[in-house]
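Novice: Sequence and predicted structure below; questions after.
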Amino acid sequence: MRYDNQKIADMLSAEYVLGSLKGAARRRYEQLIRQRPDWAQTNSWWESHIHLLADTVPAVQPSSKVWQNIQTRLFKSSAVTPSPFWKSLAFLSTALAASFATFLIMQSPKQVIEFEPAQVALLANDKTQAGWLLSLTKNNKGESEIRAKSLASLETKPENAFELWLLPADQSKPISLGLLPQQGNAIVKVTGEVALMLASSGLAVSLEPLGGSPTGQPTGAVLYQGKLTQI
Amino acid sequence: MNQTKSSEELFHLIALSGQGDRAAFQALYEATSAKLFGLSLRILNRRDLAEEALQDAFVNIWHHAQNYRPEKAGVMTWMTTIVRNKCFDLLRAMPKEFSLSDDQSYDDWASDDLGPLERATERSESKALINCMSHLAPLQRQAIALSYFHGLAHEQLAEHLAQPLGTVKTWIRRGLQALKTCLAGVK
């Protein structure tokens, strides 16, 4: 079938991301990427490459009123996000503080984004609520480790433990990676062998008795899932 | 002094914004707004409109941050898509003659020297893209840039470049195919 042709998928995806695909063809394409994972993947590939064109445009500092307007539109009453520094200025009138904010944003140093690739995952439940942010890194001894950060939307279970599993791509048994924190951050050490498998594997979190699964395999419900991706 | 943010930090900032963390959202804005404003200014060519697009985009980013998934797109790719769409929304609402001014001809992309474009980039992947673009014919590059920054359909491109429609279509497709081959080989 025509839709199985990779060259066609590439051309339509590229033209879609570029913006030259219009009208009915554009809508048909959007339907296709919702229905076909292979097309969705081709779409992601082109998105991640074509949008690099935007990086060739020099950065220009927008005026400080843009940020003020965004805050007004989103948070109405509080025009300035509180930070420790603002708290020390609390004695000043709101108006004065606001004008200070303008000044400081204008004076803030130029931000440079250092795009070092990182391996990250967001673990979410079936209600699409996120539970943890994970990053795979190496510590200063060169050992691989997963840094886990629990999120506010995590539904904590103080009577249980959350155990992180690697789901191998070949469908073999899950491998326990360790327990995830209910609050705050934790580091999960992984062997070099497991670190290599992580790129192609899924991740899942099951609910276990305190201390973790007694059997070495998941015994409770799988609540959160995700996948490590290079960004 | 410059401050730097890594991809991992940006990922944390967007995920925390999705949790309603305003300080993270502000840090995300401070880290990315200049680059994204540069883009909207390039597309809209008018400061007031570019600021309006940037505002709309960040309001949108706040509301949808909880839907961000790293396996679908990088943080900058995701935000760039939103900003560019907001710009195109504004462009569509403009009178037709506004859509492309004379100083937006993208001659820099037709030039033999892509150095100035490369110097503006912040990411190593972008340098790879420019390198692959440099192997295309000047008019192919220009057509791709016009299409990306203005969302022009093939018909409008043909008109703008004063070339037959069929030629423009073939150029773009061949150009994109060559880009794919080149980029896939970079890795």
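Specialist: Looks like it came in fine.
Novice: Nearest spatial neighbour of B:L10, chain-adjacent residues omitted?
Specialist: B:V75 (4.3 Å; CB to CB, 6 or more residues apart in numbering or on different chains). (Glycine included, C-beta is placed from N, CA and C.)
Novice: ok now do the one you found, which residues does it touch?
Specialist: A:231, B:7, B:10-11, B:13-14, B:68 (CB atoms under 8 Å, 6 or more residues apart in numbering or on different chains).
Novice: 10 Å - rerun?
Specialist: Contacts here follow CB atoms under 10 Å, 6 or more residues apart in numbering or on different chains; on that basis B:V75 touches A:113, A:115, A:120, A:231, B:5, B:7-15, B:28, B:31-32, B:68.
Novice: and what of A:L136?
Specialist: Counting by CB under 10 Å, 6+ apart, A:L136 makes contact with A:118-121, A:144-147, A:188, A:190, A:195, A:198-199, A:228, A:230, B:8.
Novice: Which single residue of chain A ends up nearest chain B?
Specialist: Taking CB to the nearest CB as the measure, chain A has A:G19 as its residue closest to chain B, at 3.2 Å.
Novice: what about that residue, distance to B:R84?
Specialist: A:G19 sits 8 Å away from B:R84, taking CB to CB, to the nearest Å as the criterion.
Novice: quick one, which of these two is more surrounded?
Specialist: Under the neighbour definition other CB atoms under 10 Å in any protein chain shown, A:G19 and B:R84 were set side by side, and B:R84 has more, 24 against 20.
Novice: what helix or strand is the more buried one on?
Specialist: Secondary structure assignment for B:R84, by DSSP states H and E: helix B:75-92.
Novice: all strands for the chain, in order.
Specialist: Using chain A. Defined through DSSP state E, the strands belonging to chain A, from first to last, are A:111-114, A:119-124, A:130-138, A:144-150, A:160-167, A:175-180, A:185-189, A:202-209, A:222-227, A:229-230.
Novice: oops, I was thinking of chain B
Specialist: Listed in chain order, the strands of chain B (DSSP E) span B:3-6.
Novice: quick one: contacts for B:M94?
Specialist: Per CB under 10 Å, 6+ apart, neighbours of B:M94: B:44, B:46, B:49.
Novice: Which ones among those map onto helices?
Specialist: Using DSSP state H, the members of those that fall in helices are B:44, B:49.
Novice: residue ranges for the helices of chain A, please.
Specialist: Going by DSSP H, chain A shows helices at A:6-18, A:23-35, A:37-50, A:64-75, A:84-88, A:94-107, A:192-198.
Novice: Output the contacting helices and strands for the fourth one.
Specialist: Right, helix A:64-75. In this structure, helix A:64-75 makes packing contacts with helix A:94-107, helix B:22-44, helix B:47-64, judged by 3 or more CB pairs under 10 Å, 6 or more residues apart in numbering or on different chains; DSSP states H and E.
Novice: what do you get for the last one?
Specialist: Using 3+ CB pairs under 10 Å, 6+ apart as the contact definition, the elements that helix A:192-198 packs against are strand A:119-124, strand A:130-138, strand A:144-150, strand A:160-167, strand A:175-180.
Novice: Next, format those as TSV and append mean pLDDT.
Specialist: Conversion of those to TSV gives the following (pLDDT from 0 to 100):
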stretch	mean pLDDT
strand A:119-124	94
strand A:130-138	93
strand A:144-150	94
strand A:160-167	96
strand A:175-180	96
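Novice: most tightly surrounded among these?
Specialist: strand A:119-124 (a mean of 23; mean count of other CB atoms under 10 Å in any protein chain shown).
Novice: tell me what that strand is packed against?
Specialist: For strand A:119-124, the packing partners by 3+ CB pairs under 10 Å, 6+ apart are strand A:130-138, strand A:144-150, helix A:192-198, strand A:202-209, strand A:222-227, strand A:229-230, helix B:7-18.
Novice: In a markdown table, list these along with distance to A:D10.
Specialist: Output for these, formatted as a markdown table (distance: least, CB to CB, whole Å):
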| stretch | distance to A:D10 |
| --- | --- |
| strand A:130-138 | 30 |
| strand A:144-150 | 34 |
| helix A:192-198 | 28 |
| strand A:202-209 | 27 |
| strand A:222-227 | 24 |
| strand A:229-230 | 21 |
| helix B:7-18 | 26 |
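Novice: Which among those is found nearest to B:L114?
Specialist: Proximity to B:L114 (CB to CB) singles out helix B:7-18 among the helices and strands packed on strand A:119-124, at 24.6 Å.
Novice: what inclination does the closest one have with respect to helix B:47-64?
Specialist: Angle between the axes of helix B:7-18 and helix B:47-64 is 80 degrees (criterion: axes from the mean of the first three to the mean of the last three CA atoms, to 10 degrees).
Novice: what helices or strands is helix B:7-18 leaning on?
Specialist: Helix B:7-18 makes packing contacts with strand A:111-114, strand A:119-124, strand A:130-138, strand A:144-150, strand B:3-6, helix B:22-44, helix B:47-64, helix B:75-92 when contacts are defined by 3+ CB pairs under 10 Å, 6+ apart.
Novice: For chain A, what's its nearest residue on chain B.
Specialist: Chain A sits closest to B:G151 of chain B, with a gap of 3.2 Å, by CB to the nearest CB.
Novice: Give me the phi and psi for the nearest residue to that residue once chain neighbours are set aside.
Specialist: Residue nearest to B:G151 in three dimensions, not counting chain neighbours: A:G19, with 3.2 Å by CB to CB, 6+ apart. Taking degrees, to the nearest 10, you get phi 110, psi 0 for the backbone angles of A:G19.
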